[in-house]
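> Okay, predicted coordinates and the sequence, questions at the end:
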Amino acid sequence: MHTRPLGQTTVSSIGLGAMPMSVAGHMPDEAQSIRTIHAALDAGVTLIDTADAYTPAHDQVGHNERLVAKALASWGGDRDTVLVATKGGHTRVPGGGWAVDGRPSYLVEACERSLKALGVETIGLYQHHRPDPSVPYEETIGALRDLLDTGKIRMAGISNADPGQIRTAYDVLGGRLASVQNQYSPAFRSSEPEIDVCEELGVAFLPWSPLGGISAAGRLGGEYEAFAKVAEGRGVSPQRVCLAWELARSPVMIPIPGASRPESVRDSVEAADLVLTAEELAQLDG
């Protein structure tokens, strides 16, 4: 597995987004989820992304974090080689909805809860999940800075941020911003400016839903003809072509495709070895 830099360490160039294992309406049973995480780790994945809000219901906060912790505890490999990234600040409400809470006090509370759910003393990468328009962004990121300074987290990241917010976070954290996690896929390419800022600052960019989302990933080849054509010519899946295309976009790109089956995560990992030609990339960019 190829690696790419992320803050103070290096990780596999393809990560695992664990969200599909805990969100109501999509979640497989626990045993299958653990097999999927083990398959990713066995294939060389060293970055697992989760969040406290990845849960079937509002009263099960931390469900996905606990699942990841259980999978790591039962894996036979070296857990110290795995970076677990989690997020706080995006909350669940009764009825299945989502809300935001960017208050510094809440982010500290959420971090403490995630430490317990993951069963660790320090979180490898802790990310602010989504800006709260009712709280000045500098104040929210200040809480991340304090968590860094007190050793509760080893690295800090942000998610769903625009170029200005990326620069603000970078400054407030004193240049210690490790990652930005925004949506990016063939269907959602409007994060190009954020990718460019990350490349300029040397910050890892972790595209969420890199295959288009839970319900759309399987339709990628049918909806985007160029990806289907390149995939057919290479004898691989359109999903593998998609991840290889993203890896080619920037050296700071680390896709984190979601998976709920061992077979799909193994296919995603193979994208790290698929080098697309300039002609193929031009076709996919068109």
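Looks like it came in fine.
> so L115 touches G151, yeah?
No. With contact defined as CB atoms under 8 Å, L115 does not reach G151; the gap is 11.1 Å. Where C-beta positions appear, they are placed from N, C-alpha and C, glycine not excepted.
> Mutual contacts of the two, please.
Common contact partners of L115 and G151 (CB atoms under 8 Å, 6 or more residues apart in numbering): T122.
> out of those two, which sits in the more crowded spot?
L115 (18 against 9; other CB atoms under 10 Å).
> In space, what's closest to the more buried one - neighbours in sequence excluded?
Leaving aside its sequence neighbours, L115 sits nearest to I123 (CB to CB, 6 or more residues apart in numbering; 6.2 Å).
> Show the backbone phi and psi for the one you found.
Per-residue torsions, I123: phi -90, psi 130 (degrees, to the nearest 10).
> Near it, how many other residues are there?
23.
> and what of Q239?
So Q239, with other CB under 10 Å, has 23 neighbours.
> Could you report the distance from it to G233?
15 Å (CB to CB, to the nearest Å).
> quick one: contacts for the residue nearest to L115?
Residues in contact with I123, defined by CB under 8 Å, 6+ apart, are 84, 86, 111, 114-115, 152-154.
> Go again with 7 Å.
I123 makes contacts with 86, 111, 114-115, 152-154, as judged by CB atoms under 7 Å, 6 or more residues apart in numbering.
> What about those, which one has the most neighbours?
Highest neighbour count within the contacts of I123: T86, with 31 neighbours (other CB under 10 Å).
> my read: that residue touches S114, true?
Yes. T86 lies in contact with S114 (CB atoms under 7 Å); the separation is 5.1 Å.
> can you list residues touching both of those two?
The contact sets of T86 and S114 overlap at 52, 65, 123 (CB under 7 Å, 6+ apart).
> any chance of those in a markdown table, plus distance to G95 and pLDDT?
Formatted as a markdown table, the shared contacts of T86 and S114 follow (distance: CB to CB, whole Å; pLDDT from 0 to 100):
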| residue | distance to G95 | pLDDT |
| --- | --- | --- |
| D52 | 18 | 96 |
| E65 | 22 | 97 |
| I123 | 29 | 98 |
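> Columns distance to P251 on top of these, output as JSON lines?
Formatted as JSON lines, the shared contacts of T86 and S114 follow (distance: CB to CB, whole Å):
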{"residue": "D52", "distance to P251": "30"}
{"residue": "E65", "distance to P251": "29"}
{"residue": "I123", "distance to P251": "25"}
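> List just the nearest of those to A259.
Minimum distance to A259 across the shared contacts of T86 and S114 is 17.1 Å, recorded for E65 (CB to CB).
> Nearest residue to the closest one in space, ignoring adjacent ones along the chain?
Excluding its sequence neighbours, the residue lying closest to E65 (CB to CB, 6+ apart) is A117, at 3.8 Å.
> Could you check how far that neighbour is from C242?
31 Å.
> Many thanks, have a good one.
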